[in-house]
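Chemist: one predicted model, sequence on top.
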Amino acid sequence: MGFSQWMRKNLFRVKDQNGALIEEQEVRSLYRRCISIAWPSTVEGALLSIIGSMDTMMVGTLGSAAIAAVGLTGQPRMILLICVQALCVGTTALCARRRGAEDREGANSCLAQSLAVVTVLGLLMTAIGYFGADWFMMLAGANEDTLQLSADYFRIISLGMVFNSWSLCICAAMRAVGQTRITMATNITANIVNVCLNFVLINGYLGFPALGVKGAAIATLCSTMVSFAIAVWFVCHRDGYYHFSLPKFDRATMSGLLKVGSSSVLESACLRVGFLVTARLVAGIGTDAFAAYQIVSQVTTLSFTLGDGAATAGTSLVGQNLGARRKDLAMATVRITRKVSVILSFALMIFIFLLRRQLGLLFTREEEILTGVTLSFCVVVFGILSQNGRVVYAGCLRGAGDVKYVAACALLSVTVLRPVLTYFFCYPAEAWFPGRYIAVMGPWIAFVIDAFVREALLYRRIRKGKWLEIELG
C-alpha cells in the first residue's frame, strides 16, 4: 500500500453519526479548518507550558521550599476561577453556535453579557483571595516551610483576578469563532513579560531588588494585566469579528450561559477538589516529594496543552457545525480532531521518555528529587495517549453543550478514583515497599488510570450521539 493510499484510508475515510462516509472534499476542508484553529492553540499551549516551566526553574534557584510554595497556590487559584471558567465554557459554546448560524450580533451580545458577569465575579474573587490567603494555603497543605511564602504569593496574584477574568472571557469567545491566533498572541506576549520580570525581580538584576517569591508574584500580576490589555485591544479593534459594547441582557443568552455554565461549575468543582486532595496527599509525604510532583506537573501540562489544541478546534467546529445544522460534520469533527491528537501524543511520548532525566535537570540538581522526577516520567508516558483522547472528547462535548456528562465523568474519576488511588500508592503501598519511590510515582500511576477511565467513558458518550440533539439559546 502506497503512502497516498494509506493516507486516504486512515485519515480521509471519516464517517458520520450514522456510519455513512463523509465526502472526501468535506473531510479535507474539515482538516484544514481543524489545523488552522488547532496549530495556534497548540503552539500557544506548548510555549505557555515551556514559559511556565521557566517560571518554576527561576523560582527553583531559591530552593525546594520555594518551588513547593508557588506550586501550592495553583489549585486554590483555580478554585477561585471556577465560576469564571464555567461562564467561559458557556461563552465558547454559544458564540460558536451563533457563528455557525451567521449571527454575528448575537455572538457579540453574548460576549458583552459574559464580560459584565465576570467583572462582578472577578471583584469578589479578589477580595476572597487577598483576605483568605492563609486559609487557602493551609487548605492546600502548606507546612511551616511554605505557609508564609505561599500566602504572600497568593495575596499578590489575587489582585489581578478581574483582569484575568476579562482576558479568559475574551479569549474564550475568540476560540469559539476560530480566532486562536489572537489568543496565542495575547497569552504568549503576557507570559514573555512574566519571564522577563521574573528574571529581574526574583534574584535582583539590572538594579532591581531581590524580592524572591514575592518578585515572582509581582511578575505574574503584571503579566495578567498585559494579557488583559491586549485582549481588550482586540475587542475594540474595528476590523475584528467582535466589537466592544455595553451589555443588553436577554433571556435566551443568559439561559444558554446558565445551562452550560452551571454544569461546567460542577465539572470544575470536581476537578479542583480532586486535584486539591491529590496535592495535599503528595504534600504530606514531604517537601522534596512535593517539589518532584510540581516539576513533573509542569512537563505533563505540555501533554494537556497539546491535546487541548485539538480540543479547542473540536469545541469551535462542533459548535459551528451544530449551529449550521450539520450534525454529520459535527461527528466527523470529533473523529478528525482525535486523529490529530494521536499524532501529537506519540511525538510527545517519545520526547518525554528519551529526555526524562534532562528535563528534570532543567529544574533541580538535587539527586533525591531528580530520581523521583525521572521515575515519574516513565509512568506518565503510558497515560499521554488516553489523556489527550479524553481532552479531545471532552472539548467536543462542551462545544455541543453536553457539559453535564463531562462533569459526571470528572466527579467519578478525578474526585473519587484518582485521590483514592493516590492515597493507596503514597501511603499503604509505600509502607509495603519502602525505598522504591512508590509514593513519588503514586500520583502518576493514578493519573494514568484516571486517563484510561475518563477516555473510555467519554468515548462511549460520543458513540451514542445524544449530544448532537442538544439545543442552546
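Modeler: Received it, and whenever you're ready, just let me know what you need. On a predicted model such as this, the values are computed, not experimentally measured, just so you know.

Chemist: and the contacts of stretch 62-72?
Modeler: The contact list for stretch 62-72 (CB atoms under 8 Å, 6 or more residues apart in numbering) reads 55-56, 59-60, 137, 140-142, 145-146, 149-150, 153, 202, 212-213, 216, 279, 283, 287-288, 290-291, 293-295, 297, 363-364, 366, 369. (C-beta placed from N, C-alpha, C; glycine too.)

Chemist: mean confidence score for the helix or strand residue 254 falls within?
Modeler: Assessed by DSSP states H and E, residue 254 sits inside helix 251-283. On average, the pLDDT along helix 251-283 is 80.

Chemist: for it, buried residues please.
Modeler: 253-254, 256-257, 259-283 (16 or more other CB atoms under 10 Å).

Chemist: quick one: whichever helix or strand comes after it to helix 251-283, angle?
Modeler: The helix or strand immediately downstream of helix 251-283 is helix 287-323, counting by DSSP H and E. Here helix 287-323 runs at an angle of 160 degrees relative to helix 251-283 (axes from the mean of the first three to the mean of the last three CA atoms, to 10 degrees).

Chemist: check which element follows helix 287-323 along the chain.
Modeler: Once helix 287-323 ends, the next helix or strand along the chain (criterion: DSSP H and E) is helix 327-354.

Chemist: in that following helix, what's buried?
Modeler: Neighbour counts over helix 327-354 (16+ other CB under 10 Å) mark 327-342, 344-345, 348-349, 352 as buried.

Chemist: what does stretch 218-238 give?
Modeler: Buried residues in stretch 218-238, counted by 16+ other CB under 10 Å: 218-228, 230-232, 234-235.

Chemist: what segments of the stretch 101-250 of the chain are strands?
Modeler: Remark: strands of the stretch 101-250 of the chain are absent; assignment by DSSP state E, counting those that start in this stretch.

Chemist: for it, give me the ranges with low pLDDT.
Modeler: For the stretch 101-250 of the chain, the stretches with pLDDT under 70 are 238.

Chemist: what about the helices in it?
Modeler: For the stretch 101-250 of the chain, the helices defined by DSSP state H, counting those that start in this stretch cover 104-131, 133-140, 147-158, 161-176, 180-201, 213-236.

Chemist: between the buried residues of stretch 218-238, which sits nearest residue 82?
Modeler: residue 224 (17.6 Å; CB to CB).

Chemist: thought that closest one was touching residue 168?
Modeler: No: using CB atoms under 8 Å, residue 224 makes no contact with residue 168, being 10.1 Å away.

Chemist: so what's residue 142 up against?
Modeler: Here residue 142 is in contact with 69, 72, 150, 151, 283 (CB under 8 Å, 6+ apart).

Chemist: how near is it to residue 136?
Modeler: 9 Å (CB to CB, to the nearest Å).

Chemist: closest one to residue 395 among the helices of the stretch 101-250 of the chain?
Modeler: Using CB to CB, the nearest of those to residue 395 is helix 161-176, at 10.0 Å.

Chemist: run through the neighbouring helices and strands of the closest one.
Modeler: When contacts are defined as 3 or more CB pairs under 8 Å, 6 or more residues apart in numbering; DSSP states H and E, helix 161-176 sits against helix 82-100, helix 104-131, helix 180-201, helix 213-236, helix 287-323.

Chemist: list the buried residues in it.
Modeler: 161-176.

Chemist: related to what we said a few turns ago, greatest separation within the contacts of residue 142: which pair is it?
Modeler: Spatially, the most separated pair among the contacts of residue 142 is 151 and 283, at 14.9 Å (CB to CB).

Chemist: one step back: let's have the helices and strands packed on helix 161-176 in TSV, adding distance to residue 33.
Modeler: As requested, the helices and strands packed on helix 161-176 are arranged in TSV below (distance: least, CB to CB, whole Å):
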stretch	distance to residue 33
helix 82-100	12
helix 104-131	18
helix 180-201	11
helix 213-236	21
helix 287-323	6
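
Chemist: go through those and name the closest to residue 40.
Modeler: Comparing those by CB to CB, helix 180-201 comes nearest, at 4.1 Å.

Chemist: need the CA coordinates for that closest one. PDB is fine.
Modeler: Provided in PDB are the C-alpha atoms of helix 180-201 (Å, rounded to 0.1, in the frame of the first residue of the first chain):
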ATOM      1  CA  THR A 180      -6.900  31.200  18.000                       C
ATOM      2  CA  ARG A 181      -4.000  33.200  16.600                       C
ATOM      3  CA  ILE A 182      -5.300  36.200  18.700                       C
ATOM      4  CA  THR A 183      -5.400  34.100  21.900                       C
ATOM      5  CA  MET A 184      -1.900  32.800  21.000                       C
ATOM      6  CA  ALA A 185      -0.500  36.300  20.600                       C
ATOM      7  CA  THR A 186      -2.200  37.500  23.800                       C
ATOM      8  CA  ASN A 187      -1.100  34.800  26.100                       C
ATOM      9  CA  ILE A 188       2.400  34.300  24.700                       C
ATOM     10  CA  THR A 189       3.200  38.100  25.000                       C
ATOM     11  CA  ALA A 190       1.900  38.200  28.500                       C
ATOM     12  CA  ASN A 191       4.000  35.200  29.600                       C
ATOM     13  CA  ILE A 192       7.200  36.600  28.000                       C
ATOM     14  CA  VAL A 193       6.600  39.700  30.100                       C
ATOM     15  CA  ASN A 194       6.300  37.300  33.100                       C
ATOM     16  CA  VAL A 195       9.600  35.600  32.400                       C
ATOM     17  CA  CYS A 196      11.400  38.800  31.900                       C
ATOM     18  CA  LEU A 197      10.100  40.300  35.100                       C
ATOM     19  CA  ASN A 198      10.900  37.100  36.900                       C
ATOM     20  CA  PHE A 199      14.500  37.400  35.800                       C
ATOM     21  CA  VAL A 200      15.000  40.800  37.300                       C
ATOM     22  CA  LEU A 201      12.700  40.600  40.400                       C
END
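
Chemist: just the buried subset of the contacts of residue 142, written out for ChimeraX, thanks.
Modeler: Selecting only the buried entries of these in ChimeraX, with 16+ other CB under 10 Å as the criterion:
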select :69,72,150,151,283
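
Chemist: adding distance to residue 431, write the contacts of residue 142 out as a markdown table.
Modeler: Output for the contacts of residue 142, formatted as a markdown table (distance: CB to CB, whole Å):
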| residue | distance to residue 431 |
| --- | --- |
| 69 | 28 |
| 72 | 25 |
| 150 | 28 |
| 151 | 32 |
| 283 | 18 |
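
Chemist: nearest to residue 428, of the contacts of residue 142?
Modeler: Scanning the contacts of residue 142 for proximity to residue 428, where the rule is CB to CB, the winner is residue 283, at 17.8 Å.

Chemist: ok, now which ones touch the residue nearest to that closest one when sequence neighbours are not counted?
Modeler: The shortest distance from residue 283 to any non-neighbouring residue, by CB to CB, 6 or more residues apart in numbering, is to residue 141 (3.6 Å). Taking CB under 8 Å, 6+ apart, we find residue 141 in contact with 72, 279, 280, 283, 284, 290.

Chemist: so what's the fifth one up against?
Modeler: By that I understand residue 284. Residue 284 touches 141, 426, counting by CB under 8 Å, 6+ apart.

Chemist: at 10 Å instead, please
Modeler: 141, 143, 290, 423, 426, 427, 439 (CB atoms under 10 Å, 6 or more residues apart in numbering).

Chemist: residue ranges with poor pLDDT in the stretch 301-450 of the chain?
Modeler: 302-303.
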